[in-house]
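> Build the 3D model from these lines:
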Amino acid sequence: MYEIRLLLRKDILILINNIKLIFRNPVRLLPYAGIGGYIFFMYYLRLKNREDDVPATEMPELDLNGLPEVNFAMQNIVGAVTLLALVILIYQLFNATKKNVSFFKMADVNLLFTAPVKPENILIYYMARSILPSLGGAIIFVAYASSQAIDTYEMTVGNFVFLVLAAALFFFIVSPIKFLVYTLNSKYDVMEYIRSGVIVLAILLSGMIILPGLMAEKFWQGMFAWITSPWFDFFPIVGWSRGIGTYILHQNPILSIGFVLLYAIAYFVILKLVIRFAGYYYEDVLDATKSNEEQLEKVKGKKEVAESTYSLNSKKKLALPDFGTGAQAFYWRNYVHSSRQDFHPLFGLYSLIMVGIGIVFAGLSLFDWFSHYVFYGYLLFMLFIYFFAGIGRANVGDLKKPFFILIPASWSSKFWNMIKLDILQITLFSVALIVPSVLIAGLNWFIAPLFLLAIIEVYLIGFGINIIPQIALDEGWDRKLIKPFMIGGIVLFGFVPALAFSIVAFVASKQFVWALFGGTFGMFFVAAILMHVTLDVLKRLEFKEV
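Predicted coordinates for the structure are as follows:
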């Protein structure tokens, strides 16, 4: 117990030092102040609207037998949230069979692991302390979400506390489970059995969605019938969090506290098993701790991303064609990296999976199991994904390297060869997704070229947001402060007008194709302006390292 008190004192001293650093540089509080101000502003607006417009209580409609009709809209909302939580849980469990989780940093490895402290006490303390990030993230998320729904639901202290507990406990318990899985494998070599169990669980849960949908008159009416039923609240972790969070609806504190106690019992059992089987776990967590530290350095820009990161085919022997000379070296470099990342540099496994999901949605909409709007929503989700893919472009730091400046070619040629492979990949993916889907679902043919243009535009917009601050500004803090302003300005003056144009076109025509045309037309000018600015900034590059 004395050792745990020392560890607690160490963290309190670190917290005090961080607070002192904040007072020395209050600029660090600006992002948090912005988030807090936005949340309070939304609370003010929603509460003002609620005072002006009080919703009337509606009774459920009754069918011929006198039973209330099923609210399919609410069922699908609850079912979608439950399904998302199940996907996260299954993914984390499957990920636990591939790599260990670590609660430590390299400083802990170098100092605490060599200190005369019991390994069990270090593990107990750090495992319990890992709830703090989950709790902080849950508070921010619930505060933001409640600011959007305050005009619909009364956000009392009890509602807020149980919603925070539901989110925090869900994300907190996953790490101890992953640590236990890796611990059991280290001692008994049972990873294949655990992996098979996770796959079987995923198949069973999929059946709980597919079978009710097949038995219903329409697939979308029955797909969430089982996982939204009250008994599913007793499903471990996902159901427990739902039972805690739905306090906002049933207002039964005993029921929600009971689910919190289930979490406490589960954590106690996991902790006892970890202590029982972990032994001297130092060697097991060293690789995971070092990997986490390297990822953190990559995020901060202190370390370049290794070619093997996230690679599916890193040991593949390459036989590449002759790409030419000059600026085509950048295309060759990206081609080699992409060849290591996936099974084919132009169209890989991840693209195949996303195309398959889209074609399945198109087929289900043809048989009236899904509305066409589900497929349209998937297309919009793909636009969202590729927008952030452009923002997350990893190797823009190469633009300030000597080899980029010294290659004898025009700036436009260098820039084109730098993004050429991305454009080819996006084009192939878009064609493979949209053409069969339009044919299968019998949609308007103009959706195909419009979607192709839209997905390239959003990628270039995201890429422009990423590249302009990186190459135009030298100071890291300047880049961190300018990028949010760029995103906000582009959203406000670019995406919002395009979205408004899309909504007007949809309301007037009642057709998705015209809404897509409006958005594509509006985003074209945003993408063109950003690419013009990018080329202008490229010509002003200086010969120095980042």
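> now the strand or helix carrying S146, how far from the centre of its chain.
Assessed by DSSP states H and E, S146 sits inside helix 131-149. Per C-alpha atoms, centre = their mean, to the nearest Å, the displacement of helix 131-149 from the mean C-alpha position of its chain is 16 Å.
> S351 contacts F429, correct?
Yes. When contacts are counted by C-beta atoms under 8 Å, S351 is listed as touching F429 (4.7 Å). For the C-beta atoms, the positions are set from N, CA and C on the backbone; glycine is no exception.
> more neighbours, those two?
Using other C-beta atoms under 10 Å, the more surrounded residue of S351 and F429 is F429, with 23 against 19.
> Would you check that that one makes contact with G358?
No. Using C-beta under 8 Å as the test, F429 is too far from G358 to be in contact (9.9 Å).
> Please tell me how far the residue minimising distance to the centre of the chain sits from L499.
With distances taken as C-alpha atoms, centre = their mean, I385 lies nearest the centre of the chain, 9.6 Å away. Taken as C-beta to C-beta, to the nearest Å, the spacing of I385 relative to L499 amounts to 18 Å.
> Repeat that for V200.
From V200 to L499 the distance is 43 Å (C-beta to C-beta).
> Just want to know which of those two has more residues nearby.
L499 (16 against 10).
> Wait, that one touches G519, no?
Yes. Counting by C-beta under 8 Å, L499 does reach G519; the two are 6.6 Å apart.
> For H337, what is the enclosing helix or strand?
Counting by DSSP H and E, H337 is found in helix 328-341.
> Which of the residues in that helix are classified as buried?
328-335, 337-341 (16 or more other C-beta atoms under 10 Å).
> so after it, what's the next helix or strand?
By DSSP H and E, the next helix or strand past helix 328-341 is helix 349-366.
> What average pLDDT does that following helix get?
Confidence for helix 349-366, expressed as mean pLDDT, is 78.
> And for stretch 524-533?
Stretch 524-533 comes out at a mean pLDDT of 84.
> Pull the residues that contact that stretch.
453, 456-458, 460-461, 464-465, 468, 490, 494-495, 498 (C-beta atoms under 8 Å, 6 or more residues apart in numbering).
> Let me know the pLDDT of L163.
pLDDT at L163 comes out at 90.
> Can you tell me the number of residues neighbouring it?
So L163, with other C-beta under 10 Å, has 25 neighbours.
> Wait, it touches I139, no?
No. Using C-beta under 8 Å, L163 is not in contact with I139; the gap is 9.7 Å.
> ok, I503 touching A515?
Yes. Between I503 and A515 there is a contact under C-beta under 8 Å: 7.1 Å.
> quick one: which of those two has more around it?
For I503 versus A515, neighbours defined as other C-beta under 10 Å are more numerous around A515 (23 against 13).
> list the contacts for the more buried one?
A515 neighbours (C-beta under 8 Å, 6+ apart): S502, I503, A505, F506, S509.
> ok, for it, nearest residue in space, not its chain neighbours?
F506 (3.8 Å; C-beta to C-beta, 6 or more residues apart in numbering).
> Check which helix or strand the one you found maps to.
F506 belongs to helix 496-509, assigned by DSSP H and E.
> which helices and strands does that helix pack with?
Counting contacts by 3 or more C-beta pairs under 8 Å, 6 or more residues apart in numbering; DSSP states H and E, helix 496-509 is packed against helix 512-538.
> Just give me how far the helix or strand just after the helix holding S146 sits from the chain centre.
Per DSSP H and E, the first helix or strand lying C-terminal to helix 131-149 is helix 157-188. Distance of helix 157-188 from the chain centroid (C-alpha atoms, centre = their mean) equals 18 Å.
> ditto for stretch 419-429
With C-alpha atoms, centre = their mean, you get 23 Å for stretch 419-429.
> who's in contact with that stretch?
331, 334-335, 338, 345-347, 351, 354-355, 386, 393, 452, 455-456, 459-460, 463.
> Of those residues, keep whichever come out buried.
331, 334-335, 338, 345, 347, 351, 354-355, 386, 393, 452, 455-456, 459-460, 463.
> Please tell me I have it right and G245 contacts V164.
No. Using C-beta under 8 Å, G245 makes no contact with V164, being 9.3 Å away.
> what's the overlap in contacts for those two?
With C-beta under 8 Å, 6+ apart, G245 and V164 have no common neighbours.
> which residues touch I140?
Going by C-beta under 8 Å, 6+ apart, I140 touches I35.
> can you pull the contacts of the closest residue to Y386 other than its chain neighbours?
Excluding the flanking residues, the one nearest Y386 by C-beta to C-beta, 6+ apart is Y459, at 4.7 Å. Contacts were defined as C-beta under 8 Å, 6+ apart; by that measure Y459 touches Y386, F387, A389, G390, D422, I426.
> among those, which two are most distant?
F387 and D422 (13.0 Å; C-beta to C-beta).
> can you count the residues close to L180?
Around L180 there are 20 residues (other C-beta under 10 Å).
> Just confirm it contacts V269, I think it does.
No. L180 is beyond contact range of V269, at 9.5 Å (criterion: C-beta under 8 Å).
> can you give me the strands for the chain?
When assigned using DSSP state E, the chain turns out to have no strands.
> Report how many residues lie close to S186.
17.
> er, T183 I mean
20.
> for A216, same thing?
15.
> Next one: the closest residue to it other than its chain neighbours from N76, what distance?
Spatially, and ignoring its direct neighbours in sequence, A216 is nearest to G222 (2.6 Å; C-beta to C-beta, 6+ apart). Using C-beta to C-beta, G222 is found at 11 Å from N76.
> Looking at those two, which is more packed in?
Between G222 and N76, counted using other C-beta under 10 Å, G222 has the larger neighbour count: 21 against 16.
> just for the stretch 51-200 of the chain, where's the confidence low?
51-73, 100, 148-153 (pLDDT under 70).
> Same check on the stretch 401-546 of the chain?
Those would be 401-406, 470-487, 540-546, if you go by pLDDT under 70 across the stretch 401-546 of the chain.
> Leaving out chain neighbours, which residue sits closest to I461?
Per C-beta to C-beta, 6+ apart, closest to I461 is A527, 5.2 Å.
> Same question for L453.
Closest to L453 by C-beta to C-beta, 6+ apart is T520, at 5.2 Å.
> I'd like to know how far that neighbour sits from A527.
10 Å.
> Mind listing the shared neighbours of the two?
E457.
> hang on, the earlier thing: between the contacts of stretch 524-533, which is closest to S134?
I465 (29.6 Å).
> okay, stretch 489-503 in CSV with CA atoms only?
The C-alpha trace of stretch 489-503 is given here as CSV (Å, rounded to 0.1, in the frame of the first residue of the first chain):
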residue,chain,number,x,y,z
GLY,A,489,-12.7,28.7,-42.8
ILE,A,490,-13.0,26.1,-45.5
VAL,A,491,-16.0,24.5,-43.8
LEU,A,492,-17.7,27.8,-43.2
PHE,A,493,-17.0,29.4,-46.6
GLY,A,494,-16.6,26.3,-48.7
PHE,A,495,-18.5,23.2,-47.4
VAL,A,496,-21.5,25.1,-45.9
PRO,A,497,-22.4,26.9,-49.2
ALA,A,498,-21.9,23.7,-51.1
LEU,A,499,-24.1,21.9,-48.6
ALA,A,500,-26.7,24.6,-48.8
PHE,A,501,-26.7,24.3,-52.6
SER,A,502,-27.1,20.6,-52.3
ILE,A,503,-30.0,20.9,-49.9
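> Just the residues contacting that stretch, thanks.
Contacts for stretch 489-503 (C-beta under 8 Å, 6+ apart): I461, I465, A515, L516, G518, G519, F521, G522, M523, F525, V526, L530.
> switch to 10 Å and redo it
387, 454, 457-458, 461-462, 464-465, 487, 512, 514-527, 529-530 (C-beta atoms under 10 Å, 6 or more residues apart in numbering).
> In helices, which of the contacts of Y459 appear?
Y386, F387, A389, G390, D422, I426 (DSSP state H).
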